[in-house]
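*Asks:* give me coordinates for this.
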Amino acid sequence: MGVALITPFKTDESIDFEALSRLVEYQIKNGTDYLVVLGTTAETPTLTQAEIDKVTRFVIDCVGGRLPIVLGVGGNCTKAVVDKLTSIDLNGIDAILSVTPYYNKPSQEGLYQHYAAIAKASPLPIVLYNVPGRTGINMLPATTIRLANEFSNICAIKEASGNFSQIDDIIKNKPDDFMVISGDDAITFPLITLGAVGVISVIGNAFPREFSRMVRLALEGDYDNSRKIHHRFTELIELLFVEGNPAGVKSMLALMGFIKNKLRLPLVPNTINTYEKIKFVLNQLN
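*Replies:* Numbering: from 1, shown residues only. Modelled structure (predicted):
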């Protein structure tokens with residue numbers, strides 16, 4: 001289980017590095033296998049480049065080599081992504097997570113060429129990230145498999161299409177050493193039964209020990225016990241995303257005392273109705 005780390009903010013919207021340090025330690029001590037830094041859940045589009053650089057170095061220093069770190073480096077301009085990969089300091093980073101280009105809706109050939117350019121430029125392994133609900137474009141299995149076969153440093157895909165048939169097609173036809181990772185907490189358990197290797201999780205920010213145990217039990221073939229954990233969290237996971245990510249998980253972490261319930265515009269905290277529902281379900285879990 002990888003965890004897509006949030007970015008905690010203070011009341012004045014500056015980054016709360018003390019809270020971020022606590023969250024990193026919480027992950028390390030509670031079963032998380034690797035951290036994903038500066039992905040969508042981190043509200044990265046609302047951070048300045050200086051803040052992005054500072055968060056990256058801060059997390060690397062906090063981790064101190066105790067867990068692998070995957071860094072989000074993506075965009076809808078191929079040249080900008082390539083330039084960033086060839087210019088930034090990647091010491092302490094183990095792999096790159098790169099989302100499909102958003103808004104400009106490239107063809108499948110455009111997606112292939114985009115990732116081919118990134119693969120040729122990247123000194124680190126690359127995890128593809130397909131999330132059509134956010135980007136407006138779906139990378140089809142044939143394109144994913146083509147990339148996996150042609151570039152040895154493209155090692156995995158975070159699949160968040162929610163399309164079981166599509167994800168199963170990738171699992172069925174991929175190279176043996178290419179990993180399919182769930183990008184959706186709610187369907188991680190069934191995807192592992194199909195052959196996925198784990199999840200890059202949002203709810204893991206709050207429940208790393210429990211959710212990583214579900215993943216490990218499923219990977220070991222103990223589906224009965226894994227399913228029980230899966231069902232324990234289904235209602236909470238639904239509430240996490242009902243008003244957008246990371247509003248839900250920030251409500252949860254605020255209720256648990258980790259952070260202030262603060263987001264940067266255009267994102268806003270959960271409505272009081274959803275907040276109270278999350279509070280109620282959390283109390284039932286504890």
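*Asks:* let me know the pLDDT of the residue nearest to residue 282 when sequence neighbours are not counted.
*Replies:* Of all residues beyond its chain neighbours, the one nearest residue 282 is residue 255 (5.8 Å), with distances taken as CB to CB, 6 or more residues apart in numbering. From N, CA and C alone the C-beta is placed, and that goes for glycine too. The score at residue 255 is 97. That number is its pLDDT.
*Asks:* same check, this time on the one 3 residues further on
*Replies:* As predicted, residue 258 sits at a pLDDT of 97.
*Asks:* for it, grab phi and psi.
*Replies:* Backbone torsions of residue 258, given as degrees, to the nearest 10, read phi -80, psi -40.
*Asks:* any idea how far it lies from residue 229?
*Replies:* 21 Å (CB to CB, to the nearest Å).
*Asks:* now residue 203
*Replies:* 11 Å.
*Asks:* mutual contacts of these two, please.
*Replies:* Common contact partners of residue 203 and residue 229 (CB atoms under 8 Å, 6 or more residues apart in numbering): residue 211.
*Asks:* neighbour count for the two, which is higher?
*Replies:* Using other CB atoms under 10 Å as the criterion, residue 203 and residue 229 rank with residue 203 on top: 24 against 18.
*Asks:* so who does that one touch?
*Replies:* Going by CB under 8 Å, 6+ apart, the list of residues near residue 203 reads 185, 211, 233, 236, 237, 240, 249, 252.
*Asks:* can you put those residues in CSV and add secondary structure and neighbour count?
*Replies:* What follows is the contacts of residue 203, written out as CSV (DSSP: H, G, I helix; E, B strand; the rest coil; neighbours: other CB atoms under 10 Å):
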residue, secondary structure, neighbour count
185, helix, 27
211, helix, 28
233, helix, 21
236, helix, 21
237, helix, 22
240, helix, 27
249, helix, 26
252, helix, 27
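*Asks:* from these, which single one is nearest residue 276?
*Replies:* residue 252 (12.4 Å; CB to CB).
*Asks:* could you check how far the closest one is from residue 259?
*Replies:* Taking CB to CB, one finds residue 252 at 10 Å from residue 259.
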